[in-house]
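Engineer: my questions concern the predicted model and sequence given below.
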Amino acid sequence: MNADQENSITTELEQLRQLLPEPFEMRSKLDDFFNHPAVQQLIAGGEETIRRLISFLKQRPDPSLVRVAVLLLTRFPVVKFWDELLAILREADKPATHAFEPGIWLVQLPEKKIAHDLVQLVASSGNPNPLLLLQRPAAQEVRPELAAFVAERKMPLSAYALYAYGYALEPSDIPFLKEVAEWVDTPELSALAGLDLLKLGSKEGLAGIRAGLLSGNEELRTMTYYQLGQYLPKAAIAEAAYDPSKSAESLLEPVETLMSQVRVGQ
């Protein structure tokens, strides 16, 4: 694609970006986007539009425009672009990968096929970012592969896999999650596994949650505390006065108060 063509498609996608629904309205208002005359004009371009969009995506453009381009591609026969789209995603960084959502799940393929293609992409490329797209029920289709990624204890691969695994939890996962929750030297994993155990009605992962609450990473402390809140009586939260913005060393007593009050199955 020459410079003039690149500028043209960039301008067109920028104009269409203004038409996109807000994320929380994406599902209900996406038909309005696809029915807009400017969008219909691009779709009418057929294979030429596919070529322009794929060429554009290969330039690694701004993620806001990646989102529009991927959405547009979903209106075309998947055989015309799927392999090339996966090749682009294979090299995508985290922001660009996020931009593939929700478009990639509108591609005219079974979700099972998309889920398997994503995990195969990760396995073959070593790029963990496509797993970010599996934080949805479709993760059920690739549970063994996700568990294998978690077992590698490699960051951020294992964390991304565990986040996705949380969307496909089953009672039979308790032993596996209990093991992960004991990896307190990797609190990004142990805390998440402990929280997943609470979802399953088990308190066997409290050591992992404690590690998250006492992590040296304030973001992890905040996330762990926020998700733990639904399993704590309001009185216990008030009594502990846990503040994730404070140093981990100062939080030992508040954490023990919280741990002693965790409730499940109520």
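Structural biologist: That came through, no problem.
Engineer: pull out the buried residues from the helix or strand where Glu239 lies.
Structural biologist: Per DSSP states H and E, Glu239 falls inside helix 234-240. For helix 234-240, the buried set under the neighbour-count rule, 16 or more other Cβ atoms under 10 Å, comprises 236-237, 240. Placement of C-beta: from N, CA and C, glycine included.
Engineer: which one of those sits closest to Glu111?
Structural biologist: Lowest distance from Glu111 to these (Cβ to Cβ) belongs to Ile237, with 38.0 Å.
Engineer: just say helix, strand or coil for the spatially closest residue to Tyr167 that is not a sequence neighbour.
Structural biologist: Closest residue in space to Tyr167, ignoring its immediate chain neighbours: Ala139 at 4.5 Å, by Cβ to Cβ, 6 or more residues apart in numbering. Following DSSP: H, G, I helix; E, B strand; the rest coil, we place Ala139 in the helix state.
Engineer: quick one, phi psi at the nearest residue to Leu106 once chain neighbours are set aside?
Structural biologist: With sequence-adjacent residues excluded and distances taken as Cβ to Cβ, 6+ apart, Leu106 is closest to Thr74, at 4.1 Å. Here is the backbone geometry of Thr74 (degrees, to the nearest 10): phi -70, psi -10.
Engineer: going forward can the numbers begin at 53, since that is how I track them
Structural biologist: Understood, numbering begins at 53; the last thing we discussed is Thr126.
Engineer: close enough to count as contact, Thr126 and Pro154?
Structural biologist: No. Between Thr126 and Pro154 there is no contact under Cβ atoms under 8 Å: 9.4 Å.
Engineer: more neighbours, the two?
Structural biologist: Thr126 (19 against 16; other Cβ atoms under 10 Å).
Engineer: contacts only, for that one.
Structural biologist: Shown in contact with Thr126 (Cβ atoms under 8 Å, 6 or more residues apart in numbering): 155, 158-160.
Engineer: for the residues you listed, give me CSV that also has distance to Tyr219.
Structural biologist: Below are the contacts of Thr126 laid out as CSV (distance: Cβ to Cβ, whole Å):
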residue, distance to Tyr219
Gly155, 19
Leu158, 18
Val159, 19
Gln160, 23
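Engineer: out of the residues you listed, which end up buried?
Structural biologist: Applying 16+ other Cβ under 10 Å to the contacts of Thr126 flags 155, 159 as buried.
Engineer: list the buried ones in stretch 143-156?
Structural biologist: 144, 148-149, 151-156.
Engineer: now Asp84: closest residue in space, sequence neighbours ignored.
Structural biologist: Pro73 (7.3 Å).
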